[in-house]
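> sharing a model prediction with you, sequence too.
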Protein chains: 6
Amino acid sequence: MSVKVSRRAHFNAAHRLYKADWSNEKNDAVFGKCNNPNFHGHNYELIVSVTGEIDPSTGFVMDMKVLKDLIKSEVEEALDHKNLNLEVPEFKDLNPTAENIAVVIWNKLRSHIEKNKDLEVVLYETPRNFVTYSG
Amino acid sequence: MSVKVSRRAHFNAAHRLYKADWSNEKNDAVFGKCNNPNFHGHNYELIVSVTGEIDPSTGFVMDMKVLKDLIKSEVEEALDHKNLNLEVPEFKDLNPTAENIAVVIWNKLRSHIEKNKDLEVVLYETPRNFVTYSG
Amino acid sequence: MSVKVSRRAHFNAAHRLYKADWSNEKNDAVFGKCNNPNFHGHNYELIVSVTGEIDPSTGFVMDMKVLKDLIKSEVEEALDHKNLNLEVPEFKDLNPTAENIAVVIWNKLRSHIEKNKDLEVVLYETPRNFVTYSG
Amino acid sequence: MSVKVSRRAHFNAAHRLYKADWSNEKNDAVFGKCNNPNFHGHNYELIVSVTGEIDPSTGFVMDMKVLKDLIKSEVEEALDHKNLNLEVPEFKDLNPTAENIAVVIWNKLRSHIEKNKDLEVVLYETPRNFVTYSG
Amino acid sequence: MSVKVSRRAHFNAAHRLYKADWSNEKNDAVFGKCNNPNFHGHNYELIVSVTGEIDPSTGFVMDMKVLKDLIKSEVEEALDHKNLNLEVPEFKDLNPTAENIAVVIWNKLRSHIEKNKDLEVVLYETPRNFVTYSG
Amino acid sequence: MSVKVSRRAHFNAAHRLYKADWSNEKNDAVFGKCNNPNFHGHNYELIVSVTGEIDPSTGFVMDMKVLKDLIKSEVEEALDHKNLNLEVPEFKDLNPTAENIAVVIWNKLRSHIEKNKDLEVVLYETPRNFVTYSG
């Protein structure tokens, strides 16, 4: 009986989309307003899901309090109220698109989740744009 | 042309998470506030999805009115405004975690859905915690 | 420049609607399934709003972190994961309807908000039923 | 690193569910109020998802502005504020159920999405009824 | 202790915005796509609120089951799955804008609500457009 | 028959809360993480409401397309994807708290709304924090 358990969390951050080795013109053409050199920002809503067997002694796939605390220590403390480009090492040379942020979050969490369980990250950049990454 | 059709429903209930053969201390350590012996409760939001071929004569995978009535008779009448631990037979010896409630709901519905169609249950215990079970 | 600032919070609880000095029949007639003697429960979503002048030095009507902490200490710690009828003194002789819970929450918060500011409480018992109290 | 990127859009339309070669009685029995010959209508909320590898030069699976414009030109301009039965050629002989609308939208979009990427359409007919089609 | 109690409901309908004594050109200029002679439609989400004193014997301003049934008999049965222009007498000579629909709903409900209580209707034509009428 | 008509819009932006004539220590104590000198950001959701009489010839209080375009030209073009502190003149010497942003938006819109109509702005800084300003 494999069940997926999901926990919602959130953080907000500033970012800028651009590629350092491209001209301003090319960055503007590709990233538009997202290339604002003074940054813009988002409320990121995050859903982290873990899939595995129900532990018959607890009835849990994973204790949601543990998952909540893990999201707090690994994701919220690293990203909340931060400038992703300037302050988060993973984005030093990586464009902080929603896709790349989701992959970074998945990588931060993966080693803390039991190996026989699957991990999925859904990241809403806005209520209208979101991405899903499962490894 | 296989399509998944989904119907949202809801019920509310009281429950307590604990294991009868554990000490109070262990129950508190594992289940925290959810072990309150006087119970607490939730508004459960439920999404039931059925996946199958579109019937070319109706354009339906499954008549949503039939699915709505099925959820009402099998799930809402059994669980709505109930104390899950005391009044729902399936939880007499089963901890009513979100995971286990989703499995119980899936089992209640499965025999009423055509064999060649897939069934999925998503159960929100709160807007922030939810589980998915597909058999 | 009077502005209303609002903060969303949530708690869950069990309750039962009934009047001790009424017969079972009358309680059932008035409160229906909400009179279940084994209790049922809800995820209560709460919006607390404070209206007042913007402090020109901070740009705040009220620091949202202070309001968040106040809701936590006065409301969430008193009501979250509780049986309202059995464990919350205010409901010892008061029916825990959404209306009365909103009034109790307002009264718990009022003395902690500056006198020259207005207070409003919106309480969602379900996503479909909610109440508003402003004193 | 395969990621699913999703974009939300919306349109509203009138429709009627019925089958021309059935009697009125049979249409009423199967489609109920949805068979109103004067039509009824919905706000359709649409989520279009594209799954593929992240382009390392941009950090995008697909530029969301391109996807947004594609949904506008292919879906919104064809369906928004339309009578699906009378004005949308795809439904001339096809019942405009949510299932069939989702398939029509998927077919309209598929040729505009790169072949090595997957396409999924989720269509909410109401906040309580929705369908998912992935080809 | 005056409290506002609110109940959410919904219906869907087709409509067309136009003025019979205007030219097509003027109707198009004013109402745009909403003037489609073949109609379009919406899922209308409705919030009905009643404000009054809490009855100390029940703890209710108004029994929500009574309000729910009243909305069903007076609003949903009159408007759900209907063509507002063709099938709802109130709109025979009245343009079914969100504003006018809200006023019609308010008038349908007012006589059923006790005189010493206030009535408010909020009507969402889409999740992005809504109106509020309080008499 | 005075009706309030409301339109939802959205923009995202970076900002930093601080007061230039305060020490770093005082800024940190008052604004916490919001004082990050590298900025953070939000998806701002905006509801603009106009209250007035229904025009009997159109059935509108105000044409929602006009209101939508007004929000676009006056608010979205000025604030979307901007750094509020560095790029929006109104915040050159004004702390861009949610309260102050709401007042700025209200002031930008007020002269474009007919004098005999009321204007209200609700601004969500996050889904959990929002402010309301009515002049």
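Received it, and whenever you're ready, just let me know what you need.
> so the host helix or strand of residue A:131, near chain D or not?
Using DSSP states H and E, residue A:131 maps to strand A:129-133. Yes. Interface with chain D: strand A:129-133 contributes A:129-133 (CB under 8 Å from any CB of the partner chain). Yep, even glycine has a C-beta here, placed from its N, CA and C like the rest.
> name every strand pairing with that strand and say which way it goes.
strand A:118-126 (antiparallel), strand D:2-15 (antiparallel) (DSSP bridges).
> who touches the residue of chain A found nearest chain E in this structure?
Chain A approaches chain E most closely through residue A:127 (10.1 Å), counting by CB to the nearest CB. Taking CB atoms under 8 Å, 6 or more residues apart in numbering or on different chains, we find residue A:127 in contact with A:45, D:8, F:10, F:43, F:45.
> let me see the mean pLDDT of the strand holding residue A:131.
Across strand A:129-133, pLDDT averages out at 98.
> give me the contacts around it.
For strand A:129-133, contacts defined as CB under 8 Å, 6+ apart pick out A:98-99, A:102-103, A:106, A:120-125, D:1, D:3-8, D:49, D:61, D:64.
> how does it look with 7 Å?
A:98-99, A:102-103, A:106, A:120-124, D:3-7, D:64 (CB atoms under 7 Å, 6 or more residues apart in numbering or on different chains).
> of all the strands paired with strand A:129-133, which lies closest to residue F:31?
Proximity to residue F:31 (CB to CB) singles out strand A:118-126 among the strands paired with strand A:129-133, at 24.6 Å.
> buried deepest among the strands paired with strand A:129-133, which one?
For these, the largest average neighbour count (mean count of other CB atoms under 10 Å in any protein chain shown) is found in strand D:2-15, namely a mean of 22.
> gap between it and the chain center?
7 Å (CA atoms, centre = their mean, to the nearest Å).
> and residue A:70, how far is that from residue E:18?
The gap separating residue A:70 from residue E:18 is 57 Å, by CB to CB, to the nearest Å.
> ignore the last one, residue A:53
Residue A:53 is 60 Å from residue E:18, by CB to CB.
> who has more neighbours, the two?
Taking other CB atoms under 10 Å in any protein chain shown, residue A:53 and residue E:18 do not tie; residue E:18 has more neighbours (20 against 12).
> that one contacts residue E:31, correct?
Yes. Counting by CB atoms under 7 Å, residue E:18 touches residue E:31, with 5.8 Å between them.
> now do the same for the residue of chain A most remote from its centre: helix, strand or coil?
Ranking residues of chain A by C-alpha distance from their mean position (CA atoms, centre = their mean) puts residue A:57 at the top, at 31.5 Å. Three-state assignment for residue A:57 (DSSP: H, G, I helix; E, B strand; the rest coil): coil.
> residues touching it, list them.
residue B:19.
> verify the stated contact: residue A:98 with residue A:123.
Yes. The criterion here is CB under 7 Å, and residue A:98 meets it with residue A:123 at 5.7 Å.
> then the lengthiest helix in chain A to CSV, C-alphas only?
Selection of the longest helix in chain A by residue count, based on DSSP state H, yields helix A:98-110. What follows is helix A:98-110, C-alpha atoms only, in CSV (Å, rounded to 0.1, in the frame of the first residue of the first chain):
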residue,chain,number,x,y,z
ALA,A,98,11.5,27.9,-11.3
GLU,A,99,12.8,24.8,-12.9
ASN,A,100,16.3,25.2,-11.4
ILE,A,101,14.9,26.2,-8.0
ALA,A,102,12.8,23.0,-7.9
VAL,A,103,15.8,20.9,-8.8
VAL,A,104,17.9,22.6,-6.1
ILE,A,105,15.2,22.1,-3.5
TRP,A,106,14.9,18.4,-4.5
ASN,A,107,18.6,17.9,-4.2
LYS,A,108,18.7,19.6,-0.8
LEU,A,109,15.9,17.2,0.5
ARG,A,110,16.8,13.9,-1.2
